[in-house]
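Peer 1: my questions concern the predicted model and sequence given below.
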Amino acid sequence: MRGKFLAAGIFIALGVVAQGFWTPADAKVSLEKCTICHGKPEFRKILVDGKIRDLFATEDSLKGSVHEKKTCVDCHFDVSEIPHRQRPKRVTCTHCHYKGNAEGAPQSDAYLEYFGSVHGKAIAKGNTKAPLCQDCHGSHAIFKVKDPGSHVSRLSVAETCGRCHIEIYAQYKTSIHGVALARGITEAPACTGCHGEHKIYDHKDPKSSVYATHVAEQCSTCHASVLIMSKFGIEAEQVATYQNSFHGVASGFGSRTVANCASCHGIHDIRPPEDPLSMVNPKNVPTTCGKCHPGANPNFALGKMHVDSHSKESGIIYYTALFFKYLTIGTMLALIAHIFLDMYGRTRRLRGE
Amino acid sequence: MSEESRSPVTVERMSFLFRVQHMLLMVSLLVLAVTGFALMYHENWLAAAVIRFEGGVMFRGIIHRSAAVFLMAQLVYHAFYMLFSREGKRELKEVWLTRRDFDDFLQAMRFNLGMGNEYPRFGRYGYKEKFQYWGATTGVFLISVTGFILWAENFSMRFLPKFVLDLTLIIHGYQGLLIFVVLLFWHLYIVHLHPSVFPMNPAWLTGKVDVEWLKEEHPAEYEKLKGEGVI
């Protein structure tokens, strides 16, 4: 018995070693074959519409990327003869990227979320402009998210999204979040900070993190955090004061027409209130409120917007609330006192008679 | 025959029309309280459940405002009735606040504290009933004003700055609470817990009260009725 196990062990060990020896050799062959053509810098194709498709790819193309150890046909597996007669199909990442894969890709099914997303659904409907994995993550130069060179890193993801969403990118770039992120303030959100990564849905889809009734919650992930907000001198109570306002309560109970954060502050073009272009700049408040409140005038800007009647900074509102609180308590006590006094008096009255 | 002589002799204290008004007032105030406090304390689970039960914030608002319109209509009707009907004029005269009510209150307090020897002899309505009546009426009138400002927010803000509306909202809520507290505690006392009527003064249902009770609690009225030969 023992001998058999030993033999099996040696056999397996040999197999592993052999694989270790043979695979790179195989890869080398393949890569060399590919680079006969693709290694020439001028190797490109002029498409029907006049665009140029650069087809240059060498050994260095994958260098430093997460697929450094992969070779051409690992992804372009539909290339079986060289030179290939047909244009190879677009790479299907899910060939390796699924939970339980044996290729060494991360064991995660997070990619599946893409198929339900607005992009994945558009692809399924045949929209050729919708992005596949490689459109955002890059084709050869794929790096880990934390790597600054990655197309989807915190600092570059907006630019990546902006390749298609050009106007929104321009708005974002000059917004408070875009400017902050460009300055290297990594707390500021890029596109994915609010919209999610793979599970990006249309904002009219109730699953979306930026659906009308989810906006406040989404903003509050950062704006309700004293830890983050105190760094920039922004009040973290804004979320709570919104939630306690008419707008917030209605939104909390599912109203989709009531104002959420973005209705007043803007969506991609959020700017600080001091900015004359900001929707919440006192000068622009009548226009902003006027979207829902017909005939809004400068009166709408007179007074604090995010009012907390429990905070002293609210001035007259705080003191009025305080006055009424004690008036109510006082009335209650006076009434109770009167009840007991009168009952006591009545017993005296009855005894006296 | 002693049993028969002790059987309660009653006298009308609330006419049918007043009982109907009282009933409608009670219903609309309760609806307003439930819908209003649900919004005021929306963070509370019970309030949240109430809002959901009422069909969400939009329907809560519609119910609240409908009840409010109904209540204000009652107030207007009541004002006209009190000012122009024969019964109303008579009742208004009885319930009108006079200097005597203040003196009665002080005298009652002195007596209750053991500093006086005579308890005031109330007429048809003592200071307790009058406080309730005028407190509720004034409260309903004032809360209607703030309610209207909030209801017509776009119109109000043509004239009023934003912080005044914030203030109005706070005041409206506390006015409601105050009215609720006064009605609750005062009713609890004068028509429920007061030993002479415990567990309940039946006047709001039957319209009638015991003559003996009248003699004890409203002696001036008792004597007046006796003088008129009603009793």
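Peer 2: Arrived safely.
Peer 1: please make it C-alpha for all contacts and neighbour counts, starting now.
Peer 2: Will do.
Peer 1: mind checking pLDDT for residue 193?
Peer 2: No chain in the question, so chain A it is. A:Gly193 carries a pLDDT value of 94.
Peer 1: let's do chain B instead
Peer 2: pLDDT, B:Leu193: 85.
Peer 1: burial of the residue nearest to it when sequence neighbours are not counted, as a residue count?
Peer 2: Nearest non-adjacent residue to B:Leu193, counting by Cα to Cα, 6 or more residues apart in numbering or on different chains: B:Pro199, 6.3 Å away. Using other Cα atoms under 10 Å in any protein chain shown, B:Pro199 has 12 neighbouring residues.
Peer 1: pretty sure B:Pro199 sits in a helix.
Peer 2: No: looking at B:Pro199 with DSSP: H, G, I helix; E, B strand; the rest coil, it is coil, so not inside a helix.
Peer 1: tell me the contacts of it?
Peer 2: B:Pro199 is in contact with B:Val191, B:His192, B:Leu193, counting by Cα atoms under 8 Å, 6 or more residues apart in numbering or on different chains.
Peer 1: could I get these as a markdown table with neighbour count?
Peer 2: Formatted as a markdown table, the contacts of B:Pro199 follow (neighbours: other Cα atoms under 10 Å in any protein chain shown):
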| residue | neighbour count |
| --- | --- |
| B:Val191 | 19 |
| B:His192 | 17 |
| B:Leu193 | 18 |
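Peer 1: just the ones of those in helices?
Peer 2: Per DSSP state H, helices hold no members of these.
Peer 1: which one of those is nearest to chain A?
Peer 2: Chain A lies nearest to B:Leu193 out of the contacts of B:Pro199, by Cα to the nearest Cα, at 8.9 Å.
Peer 1: you'd agree that closest one is up against B:Met200?
Peer 2: Yes: taking contacts as Cα atoms under 8 Å, B:Leu193 lies within contact range of B:Met200: 7.5 Å.
Peer 1: buried residues in the strand or helix carrying A:Arg349?
Peer 2: A:Arg349 belongs to helix A:316-352 when assigned by DSSP states H and E. Using 16 or more other Cα atoms under 10 Å in any protein chain shown as the test for burial, helix A:316-352 gives A:317-321, A:324, A:328, A:331-332, A:335, A:338-339, A:341-343, A:345-346.
Peer 1: check stretch B:105-113 too.
Peer 2: For stretch B:105-113, by 16+ other Cα under 10 Å, it's B:Phe105, B:Gln107, B:Ala108, B:Met109, B:Arg110, B:Phe111, B:Asn112.
Peer 1: out of those, flag the one nearest to chain A.
Peer 2: B:Asn112 (4.0 Å).
Peer 1: for the closest one, what are its contacts?
Peer 2: A:Leu341, A:Asp342, A:Tyr344, A:Gly345, A:Arg346, A:Arg348.
Peer 1: of those residues, which one scores lowest on pLDDT?
Peer 2: Within the contacts of B:Asn112, pLDDT is lowest for A:Arg348, at 81.
Peer 1: which residue sits closest to it, ignoring its sequence neighbours?
Peer 2: Nearest to A:Arg348 is B:Asn112, by Cα to Cα, 6+ apart, at 7.9 Å.
Peer 1: what about that neighbour, distance to B:Trp213?
Peer 2: For B:Asn112, the distance to B:Trp213 (Cα to Cα, to the nearest Å) stands at 20 Å.
Peer 1: what are the ranges of the strands in the chain?
Peer 2: Since you didn't name a chain, this refers to chain A. Using DSSP state E, the strands of chain A run over A:44-46, A:52-54.
Peer 1: let me rephrase: I mean chain B.
Peer 2: B:10-12, B:208-210.
Peer 1: of all these, which lies closest to A:Pro273?
Peer 2: With respect to A:Pro273, and counting by Cα to Cα, the nearest of those is strand B:208-210 at 66.1 Å.
Peer 1: pLDDT score assigned to A:Thr336?
Peer 2: Actually, residue A:336 is Ile rather than Thr. Taking A:Ile336 on its own, its pLDDT is 93.
Peer 1: that one: what's it in contact with?
Peer 2: Counting by Cα under 8 Å, 6+ apart, A:Ile336 has contacts B:Phe185.
Peer 1: ditto for the one 3 residues further on
Peer 2: Listed by Cα under 8 Å, 6+ apart, the contact partners of A:Ile339 are B:Tyr189.
Peer 1: could you do A:Ser108 as well?
Peer 2: A:His97, A:Tyr98, A:Lys99.
Peer 1: please read off the pLDDT at it from the model.
Peer 2: At A:Ser108, pLDDT is 84.
Peer 1: count of neighbours near residue 123?
Peer 2: In the absence of a named chain, this looks at chain A. 16.
Peer 1: wait, chain B was what I had in mind.
Peer 2: By other Cα under 10 Å, the burial measure for B:Gly123, its neighbour count, is 18.
Peer 1: before we move on, what about the one 3 residues further on?
Peer 2: Counted by other Cα under 10 Å, the residues lying close to B:Gly126 total 22.
Peer 1: how close does B:Tyr77 get to chain A?
Peer 2: 29 Å (Cα to the nearest Cα, to the nearest Å).
Peer 1: give me the neighbour count for that residue.
Peer 2: 13.
Peer 1: how about the residues of chain B by chain A?
Peer 2: Residues of chain B lying close to chain A by Cα under 8 Å from any Cα of the partner chain are B:42, B:52, B:56-58, B:108-109, B:111-114, B:119, B:154, B:157-163, B:166-167, B:170-171, B:174, B:177-178, B:181-182, B:185-186, B:189, B:194-195.
Peer 1: contact partners for residue 102?
Peer 2: Unless you meant another one, I'm taking chain A. A:Cys96.
Peer 1: please refer instead to chain B.
Peer 2: Going by Cα under 8 Å, 6+ apart, the list of residues near B:Phe102 reads B:Tyr127.
Peer 1: and it, what's its pLDDT?
Peer 2: 95.
Peer 1: ok, B:Arg13 next?
Peer 2: Reported pLDDT for B:Arg13: 91.
Peer 1: could I get the contacting residues of it?
Peer 2: B:Ala203, B:Gly207, B:Lys208, B:Val209.
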